[in-house]
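1. Kindly return the folded structure for what I paste below:
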Amino acid sequence: MEKQILDILLSMQKDLSGVKEDVSTLKADMTNVKEDISALKGNVTNLQNSVEVVQADIKEVKATVDRIEAAQTEDVIGILKLSKKKTDFEVDYLNNRLTEMDKRIYVLEKTVQN
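-> The predicted structure follows:
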C-alpha cells in the first residue's frame, strides 16, 4: 500500500512538475501577447495619425479643386467678354464700311443715270 501511495505521489509530483512547466510557458506566452498588444496599439495609433493626415490632405485638395473650378468659370466669362468686345468692334467696322460702300455705289449710280 505504501508503494502505491509512493507511486501516486511520484506520479502527482511529475504531473505537478508538468503543470509548472505549462504555467511557465503560458506565463511567457502571455508576456509575448502583452508585448504584441502594446506594439499593435502603437501601430493603431500611427495608423490613426496617418489617416488623419490623409483626411487633412484630401480636404486641402478638395478646397484647391473648388477654387480652380470657381476661377475657371471666371476665366471663361472673361474670355467670352473679351471675345464679344472684339467681335462687336469688327461687326461695327464692317457695318460702317458696308454703309460707306453702299453710299458710294449709290452716288455712282446717280452719276451714271444723269
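
2. What distance do you get for residue 58 to residue 64?
-> Distance, residue 58 to residue 64, by C-beta to C-beta, to the nearest Å: 11 Å. The way it works is simple: take the backbone N, C-alpha and C, and place the C-beta from them, glycine included.

3. what's the answer for residue 89, then?
-> Residue 89 is 37 Å from residue 64, where distance means C-beta to C-beta.

4. Also residue 42?
-> For residue 42 relative to residue 64 (C-beta to C-beta), the value is 33 Å.

5. What of residue 104?
-> Following C-beta to C-beta, the distance that separates residue 104 from residue 64 is 59 Å.

6. Same question for residue 111.
-> 70 Å.

7. same deal with residue 91?
-> 40 Å.

8. One more: residue 80?
-> From residue 80 to residue 64 the distance is 25 Å (C-beta to C-beta).

9. what do you get for residue 78?
-> 21 Å.

10. One more: residue 107?
-> 64 Å.
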